[in-house]
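> predicted structure and sequence below. I'll ask about it afterward.
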Amino acid sequence: MSGETDLQKLLASMTPQLYPEVYVFATLPPDAALPEGPEPVMRFIEREGTTLILAESKAKAAGLAGTFRSRMITLDIHSSLEAVGFLAAITTRLAAGGMGVNPVSAFYHDHLFVPAERAEEALAILLELAVESGGLAQRPRT
């Protein structure tokens, strides 16, 4: 399963799904153990420390300070890890709306962490981009 690489198909076929949870980014010092309990949706190890993206409630319960209160939007299309321009088109469109975004690519899908208070607006921008790219006029909102 290699995923889609055609940019036009990716943009037209993406079905952005907004999840209700609020997520935060937290960091642990280098070589620190992951606290018991929280299950991050992402863990990335850098030389300065380990970044975790996890539900805000789980971060608080584990005593982790979180930053960038965000909501996750999953672009529900299996994009190839070698696709060119997909996230660039999306982040450019969100940037034109004055919105920061932290994209994360996994094997099957791309995920966007957008400011929690602007999540519905981000979803509307993505749906508009899909329609402009030849996607369906009506998309489900979550």
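That came through fine. Numbering: from 1, shown residues only.
> for residue 64, which non-adjacent residue is closest in space?
Leaving aside its chain neighbours, residue 64 sits nearest to residue 26 (4.2 Å; criterion: CB to CB, 6 or more residues apart in numbering). No exception for glycine: its C-beta is placed from N, CA and C like everyone else's.
> mind naming the longest helix for the protein?
As assigned by DSSP state H, the longest helix anywhere in the chain is helix 119-132.
> list phi and psi for the most centrally placed residue in the chain.
Nearest to the mean C-alpha position of the chain, counting by CA atoms, centre = their mean, stands residue 112 at 1.8 Å. Dihedral angles of residue 112 (phi, psi; degrees, to the nearest 10) stand at phi -120, psi 130.
> what score does it have for pLDDT?
pLDDT recorded at residue 112 is 96.
> quickly list what it is bridged to.
Here residue 112 sits in beta bridges with residue 73, residue 103, going by DSSP bridges.
> ok, it - contacts?
By CB atoms under 8 Å, 6 or more residues apart in numbering, residue 112 lies in contact with 16, 72-75, 90, 94, 101-104, 122.
> relative to residue 61, how far out is the residue lying farthest from the centre of the chain?
Relative to the mean C-alpha coordinate of the chain, counting by CA atoms, centre = their mean, the farthest residue is residue 31 (26.0 Å). Relative to residue 61, residue 31 is positioned 23 Å away (CB to CB, to the nearest Å).
> then residue 120?
Separation of residue 120 from residue 61 (CB to CB): 27 Å.
> I figured residue 26 was touching residue 54, is that so?
Yes - using CB atoms under 8 Å, residue 26 is in contact with residue 54, at 6.6 Å.
> joint contacts of those two?
With CB under 8 Å, 6+ apart, residue 26 and residue 54 have common neighbours 64, 66.
> correct me, but residue 22 touches residue 55?
Yes - distance between residue 22 and residue 55: 7.1 Å, which falls inside the contact criterion (CB under 8 Å).
> which residues in this protein form helices?
Assignment of helices within the chain using DSSP H yields the ranges 7-13, 56-61, 86-96, 119-132.
> can I get these in JSON lines with mean neighbour count?
Listed next are the helices of the chain as JSON lines, based on neighbours: other CB atoms under 10 Å:
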{"stretch": "helix 7-13", "mean neighbour count": "18"}
{"stretch": "helix 56-61", "mean neighbour count": "17"}
{"stretch": "helix 86-96", "mean neighbour count": "16"}
{"stretch": "helix 119-132", "mean neighbour count": "18"}
